[in-house]
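>>> Here is the input, now give the coordinates:
(one chain, ligands or ions: 2)
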Amino acid sequence: MAKTAQQPVLVIMGVSGSGKSTVAGVLAGKLGWDLAEGDDLHPEANVAKMHSGQALTDEDRWPWLGIISDWITGHVEAGVPAIITCSALKKKYRDVLRAEGVVFVFLQGSKDKISDRLASRHGHFMPPSLLESQFDALEEPTEDENYISLCVSASPAEEADEVIERLGLHPVTGDAEAGAK
Ligand SMILES: Nc1ncnc2c1ncn2[C@@H]1O[C@H](COP(=O)(O)OP(=O)(O)O)[C@@H](O)[C@H]1O
Ligand SMILES: O=C(O)[C@H](O)[C@@H](O)[C@H](O)[C@H](O)COP(=O)(O)O
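Ligands and ions are numbered 1, 2, ... in the order given. All right, here's what the predicted structure looks like:
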């Protein structure tokens, strides 16, 4: 079971299209917490590479993970609870992000399910053709990591409520249902 700190930082992780941005947005609204999109923190060259249909390498990802790690550390040190999205596909990437109070929320779904979602997502730099490489890179979190995993079959509001309930968090509304729809 994941340990929840007084002022946690949630890293919403999973392959492209698993619903990280969507669930993180709903959660941040319910909790009133700071939110950052890992996608927005990529160096420009990474975005251009993915846009052109090429998967990132470890070397491409390290600088990006460093920026995300700094954001997380800033919040941990300030004692400000927060949510950030990051695919965090490999254990060695999560090792860079891990800090006191960090909980990984892994959005887990089948390739078919997520592929359907990506097919209907428009206006994003990440092409659906890269999904295969995302699953190839994915190393699911293991027991020694502070994480929960969620099956991505519910609505975004239900998924956010599940995170709130399982981590014992407190929505600003005082009601996990409020603002969900
Ligand atoms: N729980 C959900 N149920 C149905 N569709 C969803 C859900 N979560 C996300 N989506 C849709 O799936 C697509 C991918 O979601 P997104 O949040 O962009 O994923 P990620 O940030 O992991 O790439 C989007 O079109 C989004 O609207
Ligand atoms: O590590 C990577 O290969 C990329 O960072 C990728 O995993 C990430 O997910 C992109 O930022 C795409 O954005 P979406 O996840 O929002 O599709």
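>>> so how far is the lengthiest helix in the chain from its chain's centroid?
Scanning the chain for the helix with the most residues, using DSSP state H, yields helix 58-78. Distance of helix 58-78 from the chain centroid (CA atoms, centre = their mean, to the nearest Å) equals 13 Å.
>>> Just give the closest residue to S133, not the sequence neighbours.
With CB to CB, 6 or more residues apart in numbering as the criterion, S133 has its nearest non-adjacent residue at 3.8 Å, and that residue is A55. Every C-beta, even on glycine, is put in place using the N, C-alpha and C of the backbone.
>>> now the one you found: how far from ligand 1?
Separation of A55 from ligand 1 (CB to the nearest ligand atom, to the nearest Å): 15 Å.
>>> And for V103?
17 Å.
>>> quick one: that residue is in a strand?
Yes - counting by DSSP: H, G, I helix; E, B strand; the rest coil, V103 is found in a strand.
>>> quick one: contacts for it?
Shown in contact with V103 (CB atoms under 8 Å, 6 or more residues apart in numbering): A2, K3, T4, A5, P8, V9, L10, V11, N146, Y147, I148, L167.
>>> Just the pLDDT for the third one.
Reading off the per-residue confidence, T4 sits at a pLDDT of 86.
>>> Give me the subset of the contacts of V103 lying in helices.
L167.
>>> from the contacts of V103, which ones fall inside strands?
If you go by DSSP state E, the contacts of V103 have V9, L10, V11, Y147, I148 in strands.
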